[in-house]
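# Sharing a model prediction with you, sequence too.
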Amino acid sequence: MKISKFLLFSLFVFLFIFACSGQKSEKEYYDLANQNMGQENWQEAEKYFNKILEEYPNGVNSSKALFMVAFINANYVKNLEKAKKYYTEFLEKYPNHELADDAKYEIDHLGQDVDDLPFLQSEPEQTTDEGNQQTKASSMP
């Protein structure tokens, strides 16, 4: 009887300490990161994505979290050196991930103004032979 009370008390203490440790689930961190992204609170979003990388390095969302840390630094915080480091790490860890092409593109265009990105460029206006009408050819399909 004394042993079962001791085990029950030990279990209670363990659960209390674990519950008070403050560690959240991977999904909770991911949801908090995305919530902060929606509020344009970039540092907080990065903090929660980093929590995933620290506490759940092989988690379901760790690849996306790594990409997002790089993306936040490249596009919002403007820490291009840090962005390149994380994009490079992403490509080394996840070369076949669906975001790998995006990471490569981001590295190739780090620091470039959004208006100067190649896919947003259009061909110069051209004059047609019929009635001197102006037409603009787009480089996008």
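Nice, I can see it. Since this is a predicted model, take the numbers as computed values, not measurements. Numbering: from 1, shown residues only.
# ok, the closest residue to residue 79 other than its chain neighbours - contacts?
Leaving aside its chain neighbours, residue 79 sits nearest to residue 73 (4.4 Å; criterion: CB to CB, 6 or more residues apart in numbering). Every residue, glycine included, has its C-beta placed from N, CA and C. Residues in contact with residue 73 (CB atoms under 8 Å, 6 or more residues apart in numbering) are 46, 79, 80, 82, 83, 86.
# switch the cut-off to 7 Å
By CB atoms under 7 Å, 6 or more residues apart in numbering, the residues touching residue 73 are 79, 82, 83, 86.
# ok, and the most crowded of those residues?
residue 86 (26 neighbours; other CB atoms under 10 Å).
# Next one: that residue from residue 49, what distance?
Look at residue 86 and residue 49: by CB to CB, to the nearest Å, they are 10 Å apart.
# likewise residue 109?
21 Å.
# Looking at these two, which has the bigger crowd around it?
Neighbours were counted for residue 109 and for residue 49 using other CB under 10 Å; residue 49 has more, 29 against 15.
# so how many other residues sit close to residue 52?
Residue 52 has 27 neighbouring residues, counting by other CB under 10 Å.
# which SS class is the closest residue to it other than its chain neighbours?
Nearest non-adjacent residue to residue 52, counting by CB to CB, 6+ apart: residue 65, 4.0 Å away. Counting by DSSP: H, G, I helix; E, B strand; the rest coil, the backbone at residue 65 sits in helix.
# from what I can see residue 65 touches residue 49, true?
Yes. Counting by CB atoms under 7 Å, residue 65 touches residue 49, with 4.1 Å between them.
# Okay, now the unreliable bits of the protein?
1-21, 114-115, 117-141 (pLDDT under 70).
# mind redoing it with 50?
In the predicted model, the chain carries pLDDT under 50 at residues 13, 19, 133-141.
# before we move on, back to that, and for residue 86 and residue 49, which residues touch both?
Residues touching both residue 86 and residue 49 (CB under 7 Å, 6+ apart) are residue 69.
# What backbone torsions are found at residue 45?
Main-chain torsions, residue 45, degrees, to the nearest 10: phi -60, psi -50.
# Quick one: residues contacting it.
Applying CB under 7 Å, 6+ apart, the residues near residue 45 are 33, 36, 37, 72.
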